[in-house]
Structures are given as C-alpha cells and as structure tokens.
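Visitor: Let's see this in three dimensions:
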Amino acid sequence: MAHIGTCYNCDMKISELGEFGLIDILADLIKKDDTESDPDILIDAGDDTAAWQSDATVNLTTVDCLVENIHFDLDKISWQELGWKALAVSLSDIAAMGGIPKYALFSLALPQETNVEDVAELYNGILELGQKYHVRVIGGNISKAPVLFIDSIVYGVTEAPNIMLTRSSAMPGDEIAVTGYLGAAAGGLKIISNDLVLANNLKMPLTTALNKPSPRIGEGQKLAADGVKCAMDLSDGLTSDLNHICRASRVGAVLNVDTVPVHPALKTAFGDNALDMALSGGEDYELLFTAGHDIMEDIKKQLDCPVTVVGKIVADDNCRITLLDGSGKIYTPSGKGWNHFG
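Guide: Reported below is the predicted structural model:
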C-alpha cells in the first residue's frame with residue numbers, strides 16, 4: 001500500500017488530538033498528494049468550501065454531516081426542522097465564500113425501523129429551504145445504520161472569478177465584524193437539553209435559531225461584491241472561528257468582548273452567562289468577516305441586518321487572540337467553542 005506522506009501524531013487517539021488537529025493532519029496529507037496537480041483547483045482543503053475554476057466562474061463545493069445523538073436529538077427536533085438544518089449548515093458555507101448555491105445532494109443512513117413518513121418530513125424541510133434560496137436537490141444515496149446520519153453536499157458558484165471570500169485574506173489593521181446577533185443557538189440548546197421553562201417570547205427565538213438557522217446567503221454575496229476579502233461562517237463559536245481565520249491568515253486579533261452583539265432574548269434568559277454563550281456557543285451561522293474601515297462603513301450601510309465591529313486584526317506570527325473587556329483588561333471566557341473530539 002503506497003503512502004502519500006508521513007502521518008505525524010498518528011499514534012494518538014482522536015480524542016487526544018481533537019477535531020482540528022485531525023483536520024490539520026488530513027489537510028497536510030492532501031496537500032502532499034501532488035501527483036495529480038490541477039491548475040484549476042483554487043482551494044482544496046482548509047476553508048469553508050473547495051473552489052475550482054471553470055470557464056468564467058469559480059465552483060464551490062462543501063459537505064457536512066449530522067449524526068443522531070451527536071448533533072441532534074430526535075426527541076428535541078422535528079424531522080422537518082432537521083431537514084431544514086441539514087441543508088442550512090451547508091448553505092452557510094457557501095454564504096461564507098460569497099457564493100451562489102445551486103445544487104444539493106443528500107446521503108442518508110437510517111435505522112431500518114424508521115417511519116417513511118418521517119423521512120418524507122425530513123425532505124420537506126430540505127425542499128422548503130431549498131425553494132427559498134433556489135437550490136435544487138439533484139440526487140443522493142440511502143443506506144442502513146444503527147442511528148440516523150445525514151450527509152449534505154452543496155455545489156455553488158461565485159459571480160466572478162475574482163470575487164470570493166476566504167479565511168486566509170485577513171490583514172493587520174482590518175476591523176473584525178459579525179452579522180446579526182450571537183449566542184441564540186447556544187441558548188436554544190441549553191433550553192431543550194435541560195427542559196427549561198421560559199416565556200414563549202424568549203424560548204421561540206432561541207430554539208428556532210438552533211433548529212432552523214437562516215444562512216446569510218445574500219449578505220455573503222454583498223460582502224464579496226463590496227470588496228471584503230476575508231470571511232467565514234460562525235459554526236463553532238466566535239472565539240474558535242476567529243482562531244481559524246487568524247491561523248489561515250497568519251495574523252493575530254484583539255477582540256473587545258463588550259462590543260459582541262449578544263442576542264437580546266439570550267441576555268434576558270441567561271443574564272451574566274449570556275456573553276460567554278455568545279463567545280463560544282457555536283451554531284449561530286452568522287458571518288464573521290474582516291475589512292478596512294472604509295469598506296466596513298460601506299458594508300454597514302449596504303446590509304439590512306445588524307453589522308457590529310467587535311475587534312481588530314493585528315500582526316502576530318503566533319496567531320494569538322487577545323480578549324479585552326470594557327476597561328481594557330484581559331477577559332477569559334468559560335467556554336472554548338465546539339470541537340467534535342475535544
């Protein structure tokens with residue numbers, strides 16, 4: 001059996017290495033496989049989607065996997081909501097690149113006692129969101145498994161070859177901003193996991209953010225068209241995802257935690273814990289991006305959703321992130337963001 005490259009840390013368990021350490025190893029092996037070099041491939045691993053050149057446009061492809069009892073509990077989410085979310089998480093990756101989603105494929109692994117009606121409701125959720133963003137489901141696969149697995153593959157394009165957002169384009173001096181409000185999904189997860197009783201005006205926006213997120217497709221396209229170069233979607237939590245940008249761009253960051261736009265319902269429901277939930281809760285599927293001041297001011301005027309500047313990119317080869325409170329003191333959050341094997 002031929003080996004493409006040396007696998008460092010392969011004597012470790014995944015639980016010791018962590019999700020992102022495993023991704024680094026696999027990405028390194030992919031990059032060492034230069035036997036089939038293709039000049040049309042622009043990005044193969046390490047960003048929100050892969051990207052390759054085709055005629056007058058750039059193609060984007062992303063894949064996500066949702067696993068029962070890891071990513072969702074069927075006692076806490078409807079099959080229709082689950083279908084919506086399965087497509088939404090992949091559409092959010094396309095949004096993070098400034099792309100236009102086109103087609104989707106789904107691979108399902110199902111316990112054999114699953115009701116057909118439930119699977120139909122799953123697809124109703126997929127198709128409902130697909131219709132909203134003009135995304136067609138063009139195929140898939142079905143297999144048997146002890147628990148439910150849903151793999152989503154989404155294909156999209158950019159409006160032009162030179163208009164694409166990446167994680168590796170942040171520059172020292174850039175301002176750091178996010179769309180919308182953060183932490184709602186983390187609040188929704190805490191509510192359904194602990195069967196918390198809250199007023200409906202607090203519960204609904206938080207649980208909806210978790211189970212039926214809305215990807216920022218149009219916003220991503222506007223960012224790319226207006227000159228933003230660096231972005232990603234917020235799936236793992238603000239601090240964790242900002243770390244991904246810093247590592248990809250070889251820069252550091254200063255994050256002013258008092259400026260983080262915590263969701264109003266989260267503040268009311270969880271009080272002093274809300275900020276840390278917004279910093280590290282994950283699954284917000286908002287956009288995190290960086291740009292110079294003038295572009296950022298223009299973006300605030302262009303987008304219909306809130307845009308909040310939360311920090312600045314700084315020169316730092318060690319890719320460190322410093323969190324400061326309103327008085328300029330170091331702030332240490334209680335959470336670390338989502339990591340599958342952490």
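Visitor: what are the ranges of the helices in the stretch 151-300 of the chain?
Guide: For the stretch 151-300 of the chain, helices defined by DSSP state H, counting those that start in this stretch occupy the ranges 184-194, 200-211, 217-225, 238-249, 264-270, 274-280, 293-302.
Visitor: Of all these, which one is nearest C319?
Guide: helix 238-249 (4.3 Å; C-beta to C-beta). In short, each C-beta sits where N, CA and C put it, glycine included.
Visitor: Only the C-alpha atoms, please, for the closest one, written as CSV.
Guide: Taking Å, rounded to 0.1, in the frame of the first residue of the first chain, the C-alpha atoms of helix 238-249 are listed here in CSV:
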residue,chain,number,x,y,z
LEU,A,238,-16.9,33.3,17.8
THR,A,239,-13.5,32.8,19.5
SER,A,240,-13.0,29.4,17.9
ASP,A,241,-13.8,30.6,14.4
LEU,A,242,-11.8,33.8,14.8
ASN,A,243,-8.9,31.5,15.6
HIS,A,244,-9.4,29.6,12.3
ILE,A,245,-9.2,33.0,10.4
CYS,A,246,-6.0,34.0,12.4
ARG,A,247,-4.3,30.7,11.7
ALA,A,248,-5.2,30.7,8.0
SER,A,249,-4.1,34.3,7.5
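Visitor: Identify the residue nearest the geometric centre of the protein.
Guide: Nearest to the mean C-alpha position of the chain, by C-alpha atoms, centre = their mean, lies S235 at 3.3 Å.
Visitor: if I pick the residue nearest to R320 when sequence neighbours are not counted, what's in contact with it?
Guide: Closest residue in space to R320, ignoring its immediate chain neighbours: G252 at 4.8 Å, by C-beta to C-beta, 6 or more residues apart in numbering. Residues near G252 by C-beta atoms under 8 Å, 6 or more residues apart in numbering: C246, I313, V314, A315, D316, N318, C319, R320, I321, T322.
Visitor: and if you look at L105?
Guide: Taking C-beta under 8 Å, 6+ apart, one finds V137, I138, G139, G140, S152, I153 in contact with L105.
Visitor: Which helix or strand contains the third one?
Guide: Put plainly, it is G139. Using DSSP states H and E, G139 sits in strand 136-144.
Visitor: Strand partners (parallel or antiparallel) of that strand?
Guide: strand 100-110 (parallel) (DSSP bridges).
Visitor: quick one, phi/psi of the residue nearest to the centre of the chain?
Guide: When read as degrees, to the nearest 10, the backbone of S235 gives phi -110, psi -30.
Visitor: circling back: of all the helices of the stretch 151-300 of the chain, which gets the most neighbours per residue?
Guide: Ranked by mean neighbour count, the helices of the stretch 151-300 of the chain are led by helix 274-280 with a mean of 24 (mean count of other C-beta atoms under 10 Å).
Visitor: Check D48 and give its pLDDT.
Guide: If you check D48, the pLDDT there is 71.
Visitor: SS state for it?
Guide: coil (DSSP: H, G, I helix; E, B strand; the rest coil).
Visitor: any idea how far it lies from M164?
Guide: Per C-beta to C-beta, to the nearest Å, D48 is found 10 Å from M164.
Visitor: So for these two, which residues contact both of them?
Guide: M97.
Visitor: These two: who's more crowded?
Guide: A count of neighbours by other C-beta atoms under 10 Å puts D48 above the other of D48 and M164, at 25 against 22.
Visitor: Highest neighbour count among the contacts of L105?
Guide: Within the contacts of L105, S152 tops the neighbour count with 25 neighbours, counted by other C-beta under 10 Å.
Visitor: who's that one bridged to?
Guide: So, taking DSSP bridges as the rule, S152 has D64, F106 as bridge partners.
Visitor: can you check the one 5 residues further on too?
Guide: Here V157 sits in beta bridges with N59, I100, as judged by DSSP bridges.
Visitor: Look at it and say how many residues are nearby.
Guide: Neighbours of V157 using other C-beta under 10 Å come to 18.
Visitor: So it versus G220, what's the distance?
Guide: Relative to G220, and taking C-beta to C-beta, V157 is found at 13 Å.
Visitor: got any residues that touch both of these two?
Guide: Shared contacts of V157 and G220 (C-beta under 8 Å, 6+ apart): G99.
Visitor: Under the pLDDT cut-off, which ranges of the stretch 1-150 of the chain? List them.
Guide: By pLDDT under 70, the low-scoring segments of the stretch 1-150 of the chain are 1-23, 25-41, 44-46, 50, 52-53, 55.
Visitor: Noted, bye for now.
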